[in-house]
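Participant: this one's sequence-less:
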Ligand SMILES: [Fe+2]
Ligand SMILES: [Fe+2]
């Protein structure tokens, strides 16, 4: 009774605060998406993919809640406070990984966490129960994100570097105080903030980068699809090849991030759906990683996972053209050579983990086809035109197989026999000489390249 009788927040005050949490989540989503392509560290790339998705989900819920509170026009695209804008711009533009991590995980997310806790304390839990509920769920995932960030910082930011960042971190605190805290409940400090990192506007970097576990990122020597669809090969090594295909999907979040980052002014649900798919594709990559781990295979030394697809698309095509290619490839994944087939191969190999992965990969793909229909197809007169445009865009993409070799970027070494031999050894099997001899690259079947390859 005493809780339910407390003065709480007026609808007006509640909405004013909710809009600020909304802004924070929206900007964090933007930062995660904008920074994951050029981030080399695999765990950070995956972590940013997840955290972008989580922030997009909470942004969506907050938009809905604001819409329930007598608000049209909602004003959700407005900046609630210019100092908050500077705060998030600064983090977006952070020139180093260390500053980026500290800005996100030691400043922005804890500030948001504190504001949501304050909301729960200040509001009347009876009248504002729907907001209290969304704060609770958001706090749960902010807690996860902050914990992940703390572990990353513990591993990646030494004390000297942390100290070097102190001045800038204090500047972020100044932004917060000038904004009267994230929720705007304190009186603004009045301090005039001058921009540091964001003095020059942010420029998205679409060139993918990878860490040392990707030592040969231009290697296109092992054609996974030709092997997978060849009936003369047995299912067990095909599972290995599917783990490679899954892990190679790390380039889909790299590419999708570029579409999201470089496509402004879409309805919010576009960003939400595209970011969900981005996270799914990151999960698909991790399925491949786990698959190799399940067979005791040290994939960084045995499997040459390239980034040629995301590199080519991000540097050669416009955002809408990249989306067209994605749609075109994902269309091709549904018929007999698609996701059902991969699941059946895993079943035939009697590998329950691979079958489970393919089962969910297939389900995710059905969702992605729907997202493609909702956000890509709509802009075309009919489905054929949309597919045709995707085909055309994909045909224009140049894979510089030969010039990468002459430039010394890769030797296109055929790594397949090695990894297959190790897998056989680990399982006490005798290698099949036909499988061992597989030597089809992406150069020799150039004409098929656009039909079957590509991630997603
Ligand atoms: Fe995928
Ligand atoms: Fe997909």
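Facilitator: Nice, I can see it. Keep in mind the model is a prediction, meaning the values are calculated, not measured. Residues are numbered from 1 along each chain as shown. Ligands and ions are numbered 1, 2, ... in the order given.
Participant: Run through the residues of the stretch 301-450 of the chain sitting next to ligand 1.
Facilitator: Contact residues (C-beta under 5 Å from the ion) of the stretch 301-450 of the chain with ligand 1: there are none. In short, each C-beta sits where N, CA and C put it, glycine included.
Participant: Assign residue 3 to helix, strand or coil.
Facilitator: coil (DSSP: H, G, I helix; E, B strand; the rest coil).
Participant: Which residues are in contact with it?
Facilitator: Residues near residue 3 by C-beta atoms under 8 Å, 6 or more residues apart in numbering: 124-126.
Participant: for this structure, which residue is closest to the average position?
Facilitator: Among the residues of the chain, the smallest C-alpha distance to the mean C-alpha position (C-alpha atoms, centre = their mean) belongs to residue 49, namely 2.9 Å.
Participant: Buried residues, stretch 264-283. List them.
Facilitator: By neighbour count, and taking 16 or more other C-beta atoms under 10 Å as the criterion, the buried residues in stretch 264-283 are 270-283.
Participant: Just the element for the residue in the stretch 201-350 of the chain positioned nearest to ligand 1, please.
Facilitator: Among the residues of the stretch 201-350 of the chain, residue 284 lies nearest to ligand 1; the distance is 3.9 Å by C-beta to the ion. Taking DSSP states H and E as the criterion, the element that holds residue 284 is helix 268-294.
Participant: what's that helix packed up against?
Facilitator: Under the contact criterion of 3 or more C-beta pairs under 8 Å, 6 or more residues apart in numbering; DSSP states H and E, the helices and strands touching helix 268-294 comprise helix 11-36, helix 42-67, helix 235-248, helix 251-261, helix 299-302, helix 352-375.
Participant: Give me whichever of the ones you listed is most buried.
Facilitator: The highest mean neighbour count among the helices and strands packed on helix 268-294 belongs to helix 251-261 (a mean of 27), with neighbours defined as mean count of other C-beta atoms under 10 Å.
Participant: Now do it against helix 268-294, angle only.
Facilitator: 160 degrees (axes from the mean of the first three to the mean of the last three C-alpha atoms, to 10 degrees).
Participant: Distance check, residue 223 against residue 410.
Facilitator: To residue 410, residue 223 is 15 Å away according to C-beta to C-beta, to the nearest Å.
Participant: The two: who's more crowded?
Facilitator: Set side by side, residue 223 and residue 410 give different neighbour counts by other C-beta atoms under 10 Å, the larger being at residue 223 (22 against 19).
Participant: Compare the contacts of residue 3 and tell me which has the most neighbours.
Facilitator: For the contacts of residue 3, the largest neighbour count, defined by other C-beta under 10 Å, is 16 neighbours, found at residue 124.
Participant: Quick one: residues contacting that one.
Facilitator: When the contact criterion is C-beta under 8 Å, 6+ apart, the partners of residue 124 are 3-4, 6-9.
Participant: thinking again about what came up before, now check the helix holding residue 284, is it near ligand 2?
Facilitator: No. For a cut-off given as C-beta under 5 Å from the ion, helix 268-294 has no contacts with ligand 2; the smallest distance is 5.6 Å.
Participant: how about a markdown table for the contacts of residue 124, with pLDDT and distance to ligand 1 added?
Facilitator: Written out in a markdown table, the entries for the contacts of residue 124 read as follows (pLDDT from 0 to 100; distance: C-beta to the ion, whole Å):
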| residue | pLDDT | distance to ligand 1 |
| --- | --- | --- |
| 3 | 95 | 46 |
| 4 | 97 | 48 |
| 6 | 95 | 49 |
| 7 | 96 | 51 |
| 8 | 97 | 46 |
| 9 | 98 | 43 |
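Participant: Just the buried residues of those.
Facilitator: Among those, those classed as buried by neighbour count (16+ other C-beta under 10 Å) are 8-9.
Participant: before we move on, back to that, which of the contacts of residue 3 lies closest to residue 148?
Facilitator: The shortest approach to residue 148 among the contacts of residue 3 belongs to residue 125, at 29.5 Å (C-beta to C-beta).
Participant: which stretches of this protein have low pLDDT?
Facilitator: For the chain, applying pLDDT under 70 flags the ranges 333-337, 445-456.
Participant: can you do 50?
Facilitator: By pLDDT under 50, the weakly predicted segments of the chain are 447-449, 452.
Participant: Run a quick neighbour tally on the closest residue to residue 211 other than its chain neighbours.
Facilitator: In space, not counting the residues next to it along the chain, residue 211 is nearest to residue 40; the distance is 4.5 Å by C-beta to C-beta, 6 or more residues apart in numbering. Other residues near residue 40 come to 14 when the count uses other C-beta under 10 Å.
Participant: Tell me the secondary structure at residue 40.
Facilitator: Residue 40 - assigned by three-state DSSP - is coil.
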